[in-house]
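Asks: Show me how the following folds:
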Amino acid sequence: MNEEHLNTVYPPALTRSWAYKVVPTRSEKCSSGIRQHILRDYSEVIERPTPLQHHRCARRCMLSKEKYTSFYSVPNHRVAFEVCKDLVNEPGLDLLRKGGLLHRNISGSACMFFYNEKARKYQAKLADLEYCKRYQATGFHDPKSVSREFAAVEVLSKNWTISPRDIPKLRANGGLPPFHRHYYHDLESLFWLLIWYAITYLPIHDPETAQDIVAKINVGSWKTMIFDALFPRERQSQHGNRQLFWAGSGSIYIDLMDEAQWPEETVYVLLRFDEIISEFHSAYTSLHRSPPKDNAARWPDAQFSDSLYEKFISILDDVATHLGSRYSVSMWDLIK
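Replies: Next up, the predicted model:
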């Protein structure tokens, strides 16, 4: 490399993202005995880059008179069931369905509640409404905005869950539309949020017996065999144990009794949640056996009935009657 090249000086404003219009001209001058080449007429030879095109970020804030708390801070099972009924009923997901909207981001932080002093009861409200989108307008490649921990099984796998005996009939009818999220998936996300609470907080009916019950709990087995099985921390495309639980062939309830040493009477009440899973299976099967007509990409809104929402609330009432304790112990607190 010659001395002239080593001593060449370029203007600091020149970057790789700028382009030359013409070959630049050079002028020479001597400074302290060193020959330098300097670009001139920058405005003529350098073109500024095209401004970046981007989507502007919009932030929306929801203001209310009441002081809301996230579902993660629910004090006990009685409040949890009461709040979930509101989140299912017309103030919540059922109202969104009737308005043709998907929430798509059900999580503990999106499910808020407060205590209404006048009505003397807890009331709930859905947040994160900026994630809502019309069901008939959702695309096949919409990002999974829902939290993975509480996503519906079909949303995690990106496939319809079809019974083998229904496959011949589906082929005869032209098959199902491409996979997409629908109203029942939002409701299933709420179910998983409730399951998360039910297995994380041990209900205590009598505070005087709490110490004896807690002393028998095996928190190590609870974490590895129950919690991590349903809500694994590592990112996976599918949750194998969750699918087994959803299919009714998992051993979560048995492990709660035999391994984690939860009281049998508590686990027997939690078994009533299986009725909700059965109702979901029936609702999904009904959809799959009646694919959209004329090769439509979506089921009509009328295909999603009130029945599943009403049965969900009814089962919540039943479980709350038997497990509506005012006290609970966090399993994570026991680990600490």
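Asks: so what's the closest residue to residue 121 other than its chain neighbours up against?
Replies: Leaving out its chain neighbours, the residue that sits closest to residue 121 by CB to CB, 6 or more residues apart in numbering is residue 82, at 6.9 Å. Glycine gets a C-beta too; all of them are placed from N, C-alpha and C. Taking CB atoms under 8 Å, 6 or more residues apart in numbering, we find residue 82 in contact with 121, 122, 320.
Asks: hang on, residue 112 in a helix?
Replies: No. In this structure, residue 112 is strand, not part of a helix, as judged by DSSP: H, G, I helix; E, B strand; the rest coil.
Asks: surely it meets residue 69?
Replies: Yes. Between residue 112 and residue 69 there is a contact under CB atoms under 8 Å: 6.6 Å.
Asks: quick one: which of those two has more around it?
Replies: Neighbour count, other CB atoms under 10 Å: between residue 112 and residue 69, residue 112 has more, with 23 against 15.
Asks: and that one, how far is that from residue 147?
Replies: As judged by CB to CB, to the nearest Å, residue 112 and residue 147 stand 15 Å apart.
Asks: Just list what the strand or helix carrying residue 123 packs against, helices and strands only.
Replies: In the assignment (DSSP states H and E), residue 123 maps to strand 121-126. Contacting strand 121-126 under the criterion 3 or more CB pairs under 8 Å, 6 or more residues apart in numbering; DSSP states H and E are the following elements: helix 77-88, strand 111-116.
Asks: if you compare these, which one is most tucked away?
Replies: helix 77-88 (a mean of 22; mean count of other CB atoms under 10 Å).
Asks: how about the strands in the stretch 1-150 of the chain?
Replies: All strands of the stretch 1-150 of the chain, identified by DSSP state E, counting those that start in this stretch, fall at 19-20, 26-31, 34-39, 46-47, 69-70, 101-102, 111-116, 121-126, 133-134.
Asks: before we move on, back to that, and the helices and strands packed on strand 121-126: which comes nearest residue 178?
Replies: helix 77-88 (27.9 Å; CB to CB).
Asks: between that closest one and strand 111-116, how many degrees?
Replies: Counting by axes from the mean of the first three to the mean of the last three CA atoms, to 10 degrees, helix 77-88 lies at 110 degrees to strand 111-116.
Asks: gap between helix 77-88 and the chain center?
Replies: Distance of helix 77-88 from the chain centroid (CA atoms, centre = their mean, to the nearest Å) equals 19 Å.
Asks: From here on, call the first residue 29.
Replies: I'll keep to 29 as the first residue from here, and by that count the last item is helix 105-116.
Asks: Not counting residues beside it along the chain, what's closest to residue 344?
Replies: residue 109 (5.0 Å).
Asks: May I see the buried residues of stretch 311-330?
Replies: Buried residues in stretch 311-330, counting neighbours by 16 or more other CB atoms under 10 Å, are found at 311, 312, 315, 316, 319, 327.
Asks: With just CA atoms, put that stretch into CSV.
Replies: What follows is stretch 311-330 as a C-alpha-only set of coordinates in CSV (Å, rounded to 0.1, in the frame of the first residue of the first chain):
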residue,chain,number,x,y,z
ALA,A,311,-67.9,-27.9,21.7
TYR,A,312,-64.8,-28.4,19.5
THR,A,313,-66.2,-31.7,18.1
SER,A,314,-69.4,-29.9,17.2
LEU,A,315,-67.4,-27.3,15.3
HIS,A,316,-65.2,-29.8,13.5
ARG,A,317,-68.2,-31.9,12.4
SER,A,318,-69.8,-28.8,10.8
PRO,A,319,-67.1,-27.2,8.7
PRO,A,320,-67.8,-23.8,7.1
LYS,A,321,-69.8,-24.0,3.9
ASP,A,322,-68.7,-22.8,0.4
ASN,A,323,-65.0,-23.2,1.4
ALA,A,324,-65.2,-20.3,3.8
ALA,A,325,-62.1,-19.7,5.9
ARG,A,326,-64.1,-19.0,9.1
TRP,A,327,-67.1,-20.5,10.9
PRO,A,328,-70.0,-18.1,11.1
ASP,A,329,-70.3,-16.3,14.4
ALA,A,330,-73.7,-18.0,15.0
